[in-house]
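Structure, please.
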Amino acid sequence: MQAESTTINPYLQQEVLTASPIRLRWLLVNRAEELTGVIGQMWQTGEFGQAAQWIIRLRDILGELLEGVQDHSNPVSKDVADFYVFLLQMLVDIEQTQSIPRLSTLRELLKYEADTWQMVLERNAREMTPSHGDSYGFQSPLAPTHSSESAFGGMSAAGGFSLEV
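As a prediction, the model looks like this:
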């Protein structure tokens, strides 16, 4: 690894220290996806020793992501854990073969995962931010309605909006 990779970025450090669990997962997945690009570039320029160091870091990140989904009470945890185990096995194969096409596939899978977590972050931000209408007693269109009926003859509004006042 290069010397500047060990330098602590105070902005990033503060962001990690104050991030929500969802944002931390997104940061990790996003960094893993970025590292696949770094590794591929290093392989193409013949920097195999440095690429091996980044593979170790990538493996650490995937392991950390796997550790974060070990909640046996959550029915989705097993499927997500299986996905990260698959990615780790794929990384072992990639490391042994130095296959750039397989590395690209890993990058695409991580990009998809990063995009998914980005959507979760955005949805969470919308749900946590009260709309202007909330101060006047209107229900946010993003909030789940407790009834499919509205004040207008039992018919719900299109798109899940509640017209109740």
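
Quick check: longest helix in this structure by residues?
In terms of residue count, the longest helix belonging to the chain (DSSP state H) is helix 100-128.

Counting by contacts, list what that one packs against.
helix 21-44, helix 77-97 (3 or more C-beta pairs under 8 Å, 6 or more residues apart in numbering; DSSP states H and E). The C-beta positions use only the backbone N, C-alpha and C, and glycine is treated the same way.

To residue 128, which of those lies closest?
Shortest distance between residue 128 and those, using C-beta to C-beta, is found for helix 21-44: 10.7 Å.

Buried ones in the longest helix of the chain, by neighbour count?
103, 106-107, 109-111, 113-114, 117, 121 (16 or more other C-beta atoms under 10 Å).

Dump these to TSV, plus distance to residue 76 and pLDDT.
Output for the buried residues of helix 100-128, formatted as TSV (distance: C-beta to C-beta, whole Å; pLDDT from 0 to 100):
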residue	distance to residue 76	pLDDT
103	27	97
106	22	98
107	24	98
109	17	97
110	19	97
111	21	97
113	14	95
114	18	95
117	14	91
121	17	90
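
any chance of these in a markdown table, plus distance to residue 21?
Converted to a markdown table, the buried residues of helix 100-128 look like this (distance: C-beta to C-beta, whole Å):
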| residue | distance to residue 21 |
| --- | --- |
| 103 | 28 |
| 106 | 24 |
| 107 | 24 |
| 109 | 22 |
| 110 | 19 |
| 111 | 21 |
| 113 | 16 |
| 114 | 16 |
| 117 | 11 |
| 121 | 11 |
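
Between these, which sits nearest residue 52?
Of these, the one sitting nearest to residue 52 (C-beta to C-beta) turns out to be residue 103, at 13.1 Å.

Enumerate every residue touching residue 128.
If a contact means C-beta atoms under 8 Å, 6 or more residues apart in numbering, then residue 128 has no contacts.
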